[in-house]
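# structure for this input, please:
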Amino acid sequence: MKTYGLIGFPLSHSFSKKFFTEKFANEKIANHQYELFPIEDIKSLADLLAENQSLCGLNVTIPHKVSVLPFLNEIEEAAEKIGAVNCICIKRFAGETYLKGFNTDAYGFQKSLEPLLTNHHRKALIFGDGGAAKAVKYVLEKLSIEYNIVVRKPVEGTILYSEITAEILKSHKLLINTTPLGMSPNTDSFPDIDYTQLGTDHLAYDLVYNPLETAFLAKAATQGAQIKNGLEMLYKQAEKAWAIWNK
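Next up, the predicted model:
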């Protein structure tokens with residue numbers, strides 16, 4: 001039996017478990033299972049690996065995408081630059097366990113964003129500066145798209161929501177929400193900007209996928225903006241993880 005799983009805390013609902021369980025069933029991939037491993041302290045990772053000798057790969061979610069780094073034997077270049085890992089490949093040699101970290105969020109985000117980009121999208125506003133924003137920044141830099149990070153409390157190198165003028169919204173045609181604002185069950189929340197300044201040249205991208213249309217996306221769409229949720233990104237990063245585990 002080959003086991004794959006997700007580490008994070010809490011793990012109340014999981015896209016990954018549903019995705020991989022259905023994948024194994026639909027593609028008749030025998031002797032494979034996907035489990036949830038809610039670990040509060042990343043130091044528990046060693047015990048988890050020792051107790052589950054059939055583990056071949058892990059997805060990593062909040063709050064361990066950064067804290068897992070010191071526990072890895074190797075980190076791919078992209079994940080190192082991003083500073084966060086959401087996928088681990090597990091190999092066992094002569095009783096030793098070897099862990100290599102990857103970031104498939106960046107891959108998923110880029111693959112789902114690129115087909116929507118036009119010449120208008122040379123400047124972006126990124127709402128939030130947490131772990132999810134790391135992969136977004138990496139991809140925008142790769143695509144030579146300038147960006148400003150928007151936060152609620154003053155942090156060096158960022159701007160506040162209250163500092164976003166009509167001019168900024170008109171010049172930044174790509175808007176990316178990396179915060180949990182609008183995520184179920186808090187579906188009434190959204191990034192606090194003047195949506196009346198948006199138009200048909202704007203692209204609003206929300207990493208949230210539950211609900212499929214957040215208040216942020218709905219408000220942007222009302223102004224004629226193109227919108228995209230994070231569901232395709234999620235599928236793309238999951239398929240990339242599967243490819244990594246099966247190299």
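
# so what touches the helix or strand harbouring residue 135?
Assigned by DSSP states H and E, residue 135 falls within helix 131-142. For helix 131-142, the external contacting residues (Cβ atoms under 8 Å, 6 or more residues apart in numbering) are 62, 65-66, 78, 81-84, 103, 105-106, 109-110, 113, 124, 126, 146-147, 149, 176, 178-179, 207. (Glycine included, C-beta is placed from N, CA and C.)

# same deal with stretch 120-129?
133, 136-137, 140, 145-151, 155, 158, 164, 168-169, 171-179, 181, 191, 201-203.

# and with 7 Å instead?
Outside stretch 120-129, the residues that touch it by Cβ atoms under 7 Å, 6 or more residues apart in numbering are 133, 136-137, 140, 145-151, 155, 158, 171-179, 191, 201, 203.

# what's the first-to-last distance across it?
24 Å (Cα to Cα, to the nearest Å).

# give the rounded mean pLDDT of that stretch.
Stretch 120-129 carries an average pLDDT of 97.

# tell me how far that stretch lies from the chain's centre.
Computed by Cα atoms, centre = their mean, to the nearest Å, the chain-centroid distance of stretch 120-129 equals 16 Å.

# spell out for me which residue occupies the centre of the chain.
Ranked by distance to the mean C-alpha position of the chain (Cα atoms, centre = their mean), the top residue is residue 105 at 4.5 Å.

# so that one, which of the three states?
helix (DSSP: H, G, I helix; E, B strand; the rest coil).

# which residues touch it?
Residues in contact with residue 105, defined by Cβ under 7 Å, 6+ apart, are 86, 135, 237.

# enumerate the positions of the longest helix belonging to the chain that are buried.
For the chain, the longest helix by residue count, based on DSSP state H, is helix 231-245. By neighbour count on 16 or more other Cβ atoms under 10 Å, the buried set for helix 231-245 is 231-242, 244-245.

# also stretch 54-62?
55, 56, 57, 58, 59, 60, 61.

# partners of the host helix or strand of the fourth one in the sheet?
Under the criterion of DSSP H and E, residue 58 resides in strand 55-60. Each strand paired with strand 55-60, and its direction, by DSSP bridges: strand 2-8 (parallel), strand 87-93 (antiparallel).

# what's the closest non-adjacent residue to the residue nearest to the centre of the chain?
residue 135 (3.9 Å; Cβ to Cβ, 6 or more residues apart in numbering).

# and that neighbour, how far from residue 40?
As judged by Cβ to Cβ, to the nearest Å, residue 135 and residue 40 stand 24 Å apart.
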